[in-house]
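Colleague: got a sequence here, can you build the structure:
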Amino acid sequence: MSTILIIEDDKLLNEGVSFSLQGEGYIVLSAYNGKQAMELLNYNPDLIILDINLPDKNGMTLCEYIREDMSVPIIFLTAKDTEEDIVKGFKVGGDDYITKPFSLPILKERIKAVMKRRIRERDSIYYYQDLIFDFTKLKFIKDDVEISITATEVKLLELFIQNKGKVLTRTQILDKIWDIDGDFVDENTISVNIRRLRAKIEDDPSKPIFIKTVFGIGYIWGDDR
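Modeller: Numbers count the residues shown, from 1 in each chain. Coordinates of the predicted model:
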């Protein structure tokens, strides 16, 4: 069950949206100012609905603060409806921007859409020891440093990670990565790409701990053998 934090100083509006979302099965937390919001962030909500005009803090500033430590989806719900405000809302880290007056059914659908999008993004990110692979954004991070990888290397990484602990034969790798395009390549192509990939992700490519060779067969990802 997902938890939604509503940060809105208008008590009636806050309570009305809260009641409606509870009816959809959400757990709802309500904050009426920035101070309360900061305290409720400790409950790690799954989504935040954020007003900009709060009595003690600007919502844009609060969004930036949240973004420093959390990747929780944030939907701005505000009366500030100029193009400049909307653009700034996205720039400071908002995932969506809804202006008042608004429709509750539309808000509910926007919540579902944002949460689904975040779930897909989360599932596309893979963490392994000191490595982070973001297959949606085609990013690879090692020791907090982003490293450039090619489209073929991305496909190789996805194939290995999806088959973690399983030995992949050279024929299987050829079929999955190259033969899908109908182009002829020989097994040396695999060796070359594996060598390049190891140079990027391994501390010592001559003694790989991520992509290991299973002699006479193929390769395996992250196995202790």
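Colleague: how about stretch 72-89: buried residues?
Modeller: Using 16 or more other CB atoms under 10 Å as the test for burial, stretch 72-89 gives 72-78, 80, 85-86, 88-89. The C-beta positions use only the backbone N, C-alpha and C, and glycine is treated the same way.
Colleague: and what of stretch 149-158?
Modeller: Here stretch 149-158 shows 149, 153-158 as buried, counting by 16+ other CB under 10 Å.
Colleague: domain map for this protein?
Modeller: Structural domains assigned to the chain are 3-123, 126-221, following automatic domain parsing.
Colleague: gap between the first one and the chain center?
Modeller: On the basis of CA atoms, centre = their mean, to the nearest Å, domain 3-123 sits 18 Å off its chain's mean C-alpha point.
Colleague: report all helices and strands that the top helix by length along the chain contacts.
Modeller: Longest helix of the chain, by residue count under DSSP state H: helix 104-123. Helix 104-123 is packed against helix 11-22, strand 47-50, strand 74-78, strand 96-99, with contacts defined by 3 or more CB pairs under 8 Å, 6 or more residues apart in numbering; DSSP states H and E.
Colleague: between that helix and strand 74-78, what angle do the directions make?
Modeller: 160 degrees (axes from the mean of the first three to the mean of the last three CA atoms, to 10 degrees).
Colleague: so which elements touch the next helix or strand after helix 104-123?
Modeller: Going down the chain from helix 104-123, the next helix or strand is strand 125-128, by DSSP states H and E. Contact here means 3+ CB pairs under 8 Å, 6+ apart; on that basis strand 125-128 packs against strand 131-134.
Colleague: the strand it packs on pairs with which strands, and in what direction?
Modeller: Sheet pairing here is set by DSSP bridges, and for strand 131-134 it gives strand 125-128 (antiparallel), strand 139-142 (antiparallel).
Colleague: out of those strands, which gets nearest to Ile217?
Modeller: strand 125-128 (22.2 Å; CB to CB).
Colleague: quick one: average pLDDT of the closest one?
Modeller: Strand 125-128 carries an average pLDDT of 75.
Colleague: so which bits of that strand are buried?
Modeller: Tyr126.
Colleague: how far off centre is that strand?
Modeller: With CA atoms, centre = their mean, you get 11 Å for strand 125-128.
Colleague: ok now do Phe135, which residues does it touch?
Modeller: Contact partners of Phe135, counting by CB atoms under 8 Å, 6 or more residues apart in numbering, are 124-126, 154, 157-158.
Colleague: nearest to Ser206, of those residues?
Modeller: Leu157 (19.9 Å).
Colleague: what about that closest one, which helix or strand?
Modeller: Going by DSSP H and E, Leu157 is in helix 151-162.
Colleague: ok so, going back, CA atoms only: put the longest helix of the chain into CSV for me.
Modeller: Extracted C-alpha coordinates of helix 104-123, given in CSV (Å, rounded to 0.1, in the frame of the first residue of the first chain):
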residue,chain,number,x,y,z
LEU,A,104,-9.8,15.2,-8.4
PRO,A,105,-10.2,12.4,-11.0
ILE,A,106,-7.4,13.9,-13.1
LEU,A,107,-5.2,14.3,-10.0
LYS,A,108,-5.7,10.6,-9.2
GLU,A,109,-4.8,9.5,-12.7
ARG,A,110,-1.7,11.7,-12.7
ILE,A,111,-0.7,10.1,-9.4
LYS,A,112,-1.0,6.7,-10.9
ALA,A,113,0.9,7.7,-14.0
VAL,A,114,3.8,9.2,-12.1
MET,A,115,4.1,6.2,-9.7
LYS,A,116,4.0,3.7,-12.6
ARG,A,117,6.8,5.7,-14.4
ARG,A,118,8.9,5.7,-11.2
ILE,A,119,8.4,2.0,-10.7
ARG,A,120,9.6,1.4,-14.3
GLU,A,121,12.6,3.6,-13.7
ARG,A,122,13.5,1.9,-10.4
ASP,A,123,13.3,-1.5,-12.0
